[in-house]
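S.K.: sequence first, predicted coordinates after that:
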Amino acid sequence: MSLSLSNVTLTFPDGRGRLTALDHVDLDVGNGSFVAVTGPSGSGKSSLLSVAGTLLTPDSGTVEIDGTPTTALSDEQRARIRRDRIGFVFQQDNLLPSLTALDQLLLTVDLGGQKPVRHRDEALALLDEVGVAGAASRRPHELSGGMRQRVNIARALTGSPALLLIDEPTSALDTERGRAVIELIGTLVRQRDVAAVLVSHDLDSMSVAPGRGVDRVLHMRDGHFESAARTSPAPA
Ligand SMILES: Nc1ncnc2c1ncn2[C@@H]1O[C@H](COP(=O)(O)OP(=O)(O)OP(=O)(O)O)[C@@H](O)[C@H]1O
C-alpha cells in the first residue's frame, strides 16, 4: 500500500482547548489508484494532505508511506521520505520564474541527489508524458496556466515517487482545462503505478467521478469522511 492512514486524529490549539481537524480518519490508497477528496472549507482536506505528506505528525494513529511507518521518525528521516517517495503538486505552481520548463525538472532532480547521466533524458521524457515537450525551453511566463500545471506535475514525478499528493490543482484553470489536468493525472497514476490523493473543494463542476479520471471520490466533513452512502466505491 503506497499510503495507509489508520485511525488518524490531528488537533490544533484553539483558545484554551483543541480544535479537531482530523477525527479518527482511515484511508488506504494502493499503487495505481487515484483518490479525490472533496468537502467544504475547513472540513480537513489540507490537514489530510499535510499528514499524508509527513508535514504534520498526527496526535494519534499511524501513517505509512510505501510500507514505512512514519509517525515515530525524526524530522530528517521524514524529510528523506518526502524527497524520495512523495511528489507534491500545489494549488499555485511553484515554478521558478527564471528557469525553463526543462530546468525546473533538472533542478528538482539535482536537489534529489540523483545521478546526472539520466537527468536530461528523464526530464524531457516526463515533459513529453504530460504533453508539454514542445515547451521545454520556455519560462513560466511563456506558458499557459494549464501548461504550467503540467510542468508542475512532471516536476512532482521526478525521482518516481510512490505517492502523489495534489492540492487544488485546478483552481487557476477553467473547467475544461481543469478536467484535462485531472484526467492526465489519472492516466499517469495508472501508467506509473503510483498512488495519488487529490483534494479540491470543487469537483462537481468538473464532473469528477469514478471512471472519469479518478477511482474514488471521498467527501469530508468536520474532519472525517462521510458515510459510505456518499462515498463512491472503486470500480470493479
Ligand atoms: N495551523 C492551524 N492552526 C489552527 N487551526 C488550524 C490550522 N490549520 C487548520 N486549522 C483548522 O483545522 C480545520 C481543518 O482545516 P483544513 O485547512 O484542513 O480544512 P480544508 O478543508 O483544507 O479547508 P480549505 O478548503 O478552506 O483549505 C479548520 O477548522 C481550520 O481552521
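M.R.: Great, that's in hand.
S.K.: confirm that residue 190 sits in a helix.
M.R.: Yes. The assignment for residue 190 is a helix, going by DSSP: H, G, I helix; E, B strand; the rest coil.
S.K.: centroid residue for the protein?
M.R.: Geometric centre of the chain, nearest residue: residue 165, 1.5 Å, by Cα atoms, centre = their mean.
S.K.: contacts for the helix or strand encompassing that one?
M.R.: Element membership of residue 165 [criterion: DSSP states H and E] is strand 163-167. With Cβ atoms under 8 Å, 6 or more residues apart in numbering as the test, strand 163-167 has contacts from 2-3, 29, 46, 49, 52-53, 65-66, 85-91, 156-157, 185, 189, 194-199. (C-beta placed from N, C-alpha, C; glycine too.)
S.K.: do the same with stretch 197-207
M.R.: With contact meaning Cβ under 8 Å, 6+ apart, stretch 197-207 is reached by 3, 27, 29, 34-41, 45-46, 48-49, 52, 163-171, 175, 178-179, 182, 185, 208, 214, 217.
S.K.: how near is the residue nearest to the centre of the chain to residue 138?
M.R.: Residue 165 sits 26 Å away from residue 138, going by Cβ to Cβ, to the nearest Å.
S.K.: grab the nearest non-local neighbour of residue 191.
M.R.: residue 129 (7.8 Å; Cβ to Cβ, 6 or more residues apart in numbering).
S.K.: oh, that last question was meant for residue 49, not what I typed.
M.R.: Distance criterion Cβ to Cβ, 6+ apart; nearest residue to residue 49, sequence neighbours excluded, is residue 165 at 5.1 Å.
S.K.: phi, psi of residue 31?
M.R.: Main-chain torsions, residue 31, degrees, to the nearest 10: phi -60, psi 140.
S.K.: neighbours around it, how many?
M.R.: As a burial measure, residue 31 scores 16 neighbours (other Cβ atoms under 10 Å).
S.K.: quick one: it from residue 162, how far?
M.R.: 7 Å.
S.K.: close to the ligand: what parts of the protein are there?
M.R.: Residues of the chain found near the ligand (Cβ under 6 Å from any ligand atom) are 12, 19, 21, 39, 41-47, 201.
S.K.: the same query, at a cut-off of 8 Å, please.
M.R.: By Cβ under 8 Å from any ligand atom, the residues of the chain that approach the ligand are 12-14, 19-22, 39-50, 168, 199, 201, 220, 223.
S.K.: sweet, I'm off.
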